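> 3D model of this:
(one chain, ligands or ions: 1)
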Amino acid sequence: MSRESGVTAHGVRRSFGSVEAVADVDLVAAPGRVTALIGPNGSGKTTLLLMLAGLLTPDAGTVSVAGFDPVTQTYQARSRTGWMPDVFGTWDSLTAREVLTTVAAAYRIPAADGERRAAELLDLVHLSELADQPAHVLSRGQKQRLGLARALVHDPEVLLLDEPASGLDPRSRVDLRVLVRRLAAAGKTVLVSSHVLTELDEMADDAVFISRGRTVASETVESAGETRRWRISALDQDVLVAHLDQAGVGYVVEPDGGAGVLVPLSDDTEAAALLGDAVRAGVDVVSLAPAGGVLEQKYLALEEERR
Ligand SMILES: Nc1ncnc2c1ncn2[C@@H]1O[C@H](COP(=O)(O)OP(=O)(O)OP(=O)(O)O)[C@@H](O)[C@H]1O
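This is a model prediction of the structure:
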């Protein structure tokens, strides 16, 4: 029997008393791709991920993870899902290694294989030196890394990562990004929520934006970057603005004393042409660069639309 892989959610809702945490979410995360789940604080990301992980039951709608319904086919879905919560709670008395071997045993992995897997994963997340320390002594970032290792113990098809980069130092963030890309390249479905949008730019293939519990946009990161705003600054902003006016280029002078003028451009070629024209017209251009990442711009544009 062939089954649909990846993650899908249709018309999903979940309330807590009078709070409608997830009001209407549609989402598709495909195998071999990294999908970013983006939304402001309280928009329902964690609630949605908990439903996908089978830890919370939806009030309405349908969810499928690796082809199984996490509510009615809990075992099949959970055995194929790696869940990394935003805050990793550990069992105080267990060492980092024991956390992983205990989880391996819970997934019915034979003890010797569990030991081997634990050692591999501790190495992968650079915790080998702390393997035999009680997990509760680990720093926040080290706990996050152990949480990631825990999510990978049973080599799941689907990874649900809730704010995986929070608390990580710059090196660990780079390692996380490389690892996530590697997992996708190996065919896994990765759904990742994060507030660090510049990081998701480099990590994600697709993005789903949610706001107040509803899906407000879904697109590939590539298409989100089709019209990006670039920031151009010059020694004399008045001269720059006069040139843009004369050249018929649309622009926005950055509010709040920002350093430049924002211009929508579709690609590097357009940017090079704009720069060349400005310089030839005698404008002393100081810099021209994309103003923030693709996802950050899309996010801010959606926020502006909602106002
Ligand atoms: N167990 C709960 N009981 C009551 N309300 C809850 C519960 N869990 C979440 N909520 C509420 O549901 C809404 C969505 O919360 P959720 O944690 O899913 O948002 P989020 O997008 O993950 O936020 P953040 O980015 O801050 O982590 C919030 O208003 C929150 O207060």
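
> which residues does the residue nearest to residue 237 when sequence neighbours are not counted bridge with?
Closest residue to residue 237 apart from its sequence neighbours, by Cβ to Cβ, 6 or more residues apart in numbering: residue 261 at 6.9 Å. Every C-beta, even on glycine, is put in place using the N, C-alpha and C of the backbone. In this entry, residue 261 is beta-bridged to residue 232, residue 253, by DSSP bridges.

> do you know how far residue 261 is from the ligand?
Distance, residue 261 to the ligand, using Cβ to the nearest ligand atom, to the nearest Å: 32 Å.

> I'd say that residue and residue 250 touch.
No - taking Cβ atoms under 8 Å as the definition, residue 261 is not a contact partner of residue 250, at 10.5 Å.

> the two: who's more crowded?
Taking other Cβ atoms under 10 Å, residue 261 and residue 250 do not tie; residue 261 has more neighbours (20 against 8).

> just read off the phi/psi values of residue 22.
Main-chain dihedrals, residue 22, degrees, to the nearest 10: phi -120, psi 120.

> give me the distance between it and the ligand.
Residue 22 is 7 Å from the ligand, by Cβ to the nearest ligand atom.

> ditto for residue 176
18 Å.

> secondary structure class for that residue?
Under DSSP: H, G, I helix; E, B strand; the rest coil, residue 176 falls in the helix class.

> shouldn't it be in contact with residue 148?
Yes - counting by Cβ under 8 Å, residue 148 is a contact partner of residue 176 at 7.1 Å.

> give me the common contacts of those two.
With contacts taken as Cβ atoms under 8 Å, 6 or more residues apart in numbering, residue 176 and residue 148 have residue 164 as neighbours in common.

> more neighbours, those two?
Using other Cβ under 10 Å, the more surrounded residue of residue 176 and residue 148 is residue 148, with 25 against 22.

> make sure residue 173 is indeed in a strand.
No - Residue 173 is assigned helix when assessed by three-state DSSP, not a strand.

> residues contacting it?
Residue 173 neighbours (Cβ under 8 Å, 6+ apart): 165, 196, 199.

> show me where this protein has its strands.
Assigned by DSSP state E, the chain shows strands spanning 7-16, 19-29, 34-38, 60-65, 81-84, 158-162, 189-193, 206-211, 214-220, 228-234, 252-253, 261-265, 285-290.

> now those strands as a markdown table including mean pLDDT and distance to residue 171?
Putting those into a markdown table (pLDDT from 0 to 100; distance: least, Cβ to Cβ, whole Å) gives the following:
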| stretch | mean pLDDT | distance to residue 171 |
| --- | --- | --- |
| strand 7-16 | 96 | 29 |
| strand 19-29 | 94 | 27 |
| strand 34-38 | 94 | 20 |
| strand 60-65 | 96 | 31 |
| strand 81-84 | 95 | 19 |
| strand 158-162 | 96 | 18 |
| strand 189-193 | 96 | 19 |
| strand 206-211 | 91 | 25 |
| strand 214-220 | 83 | 29 |
| strand 228-234 | 86 | 28 |
| strand 252-253 | 83 | 37 |
| strand 261-265 | 87 | 33 |
| strand 285-290 | 89 | 25 |
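
> I'd like these laid out as TSV, including distance to residue 300.
Output for these, formatted as TSV (distance: least, Cβ to Cβ, whole Å):
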stretch	distance to residue 300
strand 7-16	25
strand 19-29	21
strand 34-38	11
strand 60-65	29
strand 81-84	27
strand 158-162	22
strand 189-193	18
strand 206-211	11
strand 214-220	13
strand 228-234	9
strand 252-253	12
strand 261-265	11
strand 285-290	13
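
> pLDDT weak spots in the stretch 151-300 of the chain?
Residue ranges of the stretch 151-300 of the chain with pLDDT under 70: 223-227, 255-258.
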